[in-house]
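K.L.:
kindly return the folded structure for what I paste below:
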Amino acid sequence: MSAALSATAIQFFVHGLPVPQGSKKVIRGNVIEMADARLRSWRQDVATAAKGAMTQEGAEAGIEPVDVRLMFFLPRPQGHYGTGKNANRLKPSAPPTPAVHPDLDKLVRSVLDALTGIAFRDDKQVVSLTAAKLYSDGDSSPGLMGAVMVLTPQ
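P.N.:
Residues are numbered from 1 along each chain as shown. The predicted structure follows:
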């Protein structure tokens, strides 16, 4: 029988276009990270938002297991909207979710690396992960809604 767990949640929002973390390649024995030039700035924005949430909650990175939940909001392409008097209306053929670049796993990788040392000491502590890509429709802006739940035995 497993022990009951309680969770302390830290939630944050990062405004801006989410940036994926590229793959790593070995070139002449050196590990090179293939990354977008905007990655460093995005990871810093994620780290700053998480630090703010951690400070507000009086929390620190610990060694406990964590449950991470990430929702990435991407801008909807202009081609999904009508023209003329229908310029603000979605076309019936517009897809509901972004099954396009960037890859969800690479978006997650950039965020987990940014949270390491802030919301948890090492990403091996992530025991549960939920992630989704959505369009930032209406008044919502592109960005990331993140939550980290620190799981502790009751």
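K.L.:
confidence-wise, which helix or strand of this protein is lowest on average?
P.N.:
strand 30-33 (a mean of 70; mean pLDDT, DSSP states H and E).
K.L.:
next secondary structure after that one?
P.N.:
helix 39-57 (DSSP states H and E).
K.L.:
just the helices from this structure, written as ranges.
P.N.:
In the chain, the segments counted as helices under DSSP state H are 39-57, 104-115.
K.L.:
mind putting those helices in JSON lines, distance to residue 63 and mean neighbour count included?
P.N.:
Yep, even glycine has a C-beta here, placed from its N, CA and C like the rest. Output for these, formatted as JSON lines (distance: least, Cβ to Cβ, whole Å; neighbours: other Cβ atoms under 10 Å):
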{"stretch": "helix 39-57", "distance to residue 63": "15", "mean neighbour count": "17"}
{"stretch": "helix 104-115", "distance to residue 63": "15", "mean neighbour count": "20"}
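K.L.:
mean pLDDT and distance to residue 151 for the ones you listed - can I get that in TSV?
P.N.:
As requested, the helices of the chain are exported to TSV (pLDDT from 0 to 100; distance: least, Cβ to Cβ, whole Å):
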stretch	mean pLDDT	distance to residue 151
helix 39-57	95	15
helix 104-115	96	15
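K.L.:
ok, which of the ones you listed comes nearest residue 129?
P.N.:
Nearest to residue 129, of all the helices of the chain, is helix 104-115, at 7.0 Å by Cβ to Cβ.
K.L.:
elements contacting that closest one?
P.N.:
helix 39-57, strand 66-74, strand 126-135, strand 143-153 (3 or more Cβ pairs under 8 Å, 6 or more residues apart in numbering; DSSP states H and E).
K.L.:
go through the ones you listed and name the closest to residue 88.
P.N.:
strand 126-135 (14.5 Å).
K.L.:
can you give me the angle that closest one makes with helix 104-115?
P.N.:
Orientation of strand 126-135 against helix 104-115 (axes from the mean of the first three to the mean of the last three Cα atoms, to 10 degrees) gives an angle of 120 degrees.
K.L.:
tell me the mean pLDDT over strand 126-135?
P.N.:
Strand 126-135 carries an average pLDDT of 97.
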